[in-house]
Structure formats: C-alpha cells, structure tokens
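Participant: For reference, the sequence and a predicted model appear below.
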Amino acid sequence: MNHMDFMETSEVEYIPIDPAGIPCRFSVKLEDRTYTMTIRYNDVGGFFTIDLEVTATGEILCYGDPVRYGRPMFRSVEDDRYPIPVIIPFCLTGEEDEVTFDNFGRTVQLYLHERKER
C-alpha cells in the first residue's frame, strides 16, 4: 500500500493518481481522517471505480463508485464518516469532458473542493 498526500497547484488541491499503477490501493489524509482508496478500471464498461474505506477501522463506506467527469464522488450515500472536502474528477484547462484511461491522472484529476454544508 502506498501513502499519497495531496499535491498543491496554485490554488487547487487534488489527489494524485498514477494511471500506470491502476489497479491501485493507497491511503490519503483528508482533513480530519485518513481514508483508503482502491481504484480499478472496468474494461467491459470502459470506466474507473473507486472504493472508499476508513483506514483506522477498515469500514467500507463505498464500493465501486463510478468515476464520472464533473460528478462529486461518493454522493449516493453520504454522512459524517465521509471526507470533508468534496472530491470531483475535473480538468482545469477545460479540454476534457469525460474520464478516460488516457486522461485520468494526467489532465483529469480528483480535485478537492470545500464542502458548502455539512
């Protein structure tokens, strides 16, 4: 298991993904808690999925959430166990409009946005 921290661009933080390493499993600290994320690629459907669990307890919060461009991750079931920042797959240059094997972790990143309400 690799430990990956946030990387900062000028104003936006994101969770770095190495597309060559997928499938992968790593821990990431998001504000008050450390989570373990597992990223897989579904060859048949042509999309990525992410599992999310609380590292300290091993509690699985979400299994196989599809990574969709511009859609916040883990929104189907959400409570105070989930990450405080909202995680959204996005391209800052505006050149992409979907998540693909060629752009995920390169131009499309998992950006962290401040949560408006809790």
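Facilitator: Arrived safely, thanks for sending.
Participant: wait, residue 49 sits on residue 67?
Facilitator: Yes. Contact criterion Cβ atoms under 8 Å: residue 49 and residue 67 qualify, at 6.7 Å. The C-beta positions use only the backbone N, C-alpha and C, and glycine is treated the same way.
Participant: What is the least confident helix or strand in the chain?
Facilitator: strand 2-3 (a mean of 36; mean pLDDT, DSSP states H and E).
Participant: By residue count, which strand of the protein is the longest?
Facilitator: In the chain, taking DSSP state E as the definition, the longest strand is strand 33-42.
Participant: Okay, now the sheet partners of that strand, with direction.
Facilitator: strand 24-30 (antiparallel), strand 47-54 (antiparallel) (DSSP bridges).
Participant: Can you tell me what sits against that strand?
Facilitator: 1, 15, 17, 22-29, 47-56, 61, 64, 67, 83, 101 (Cβ atoms under 8 Å, 6 or more residues apart in numbering).
Participant: swap in stretch 50-66?
Facilitator: Contacts for stretch 50-66 (Cβ under 8 Å, 6+ apart): 27, 33-40, 47-49, 67, 73-74, 76-77, 81-83.
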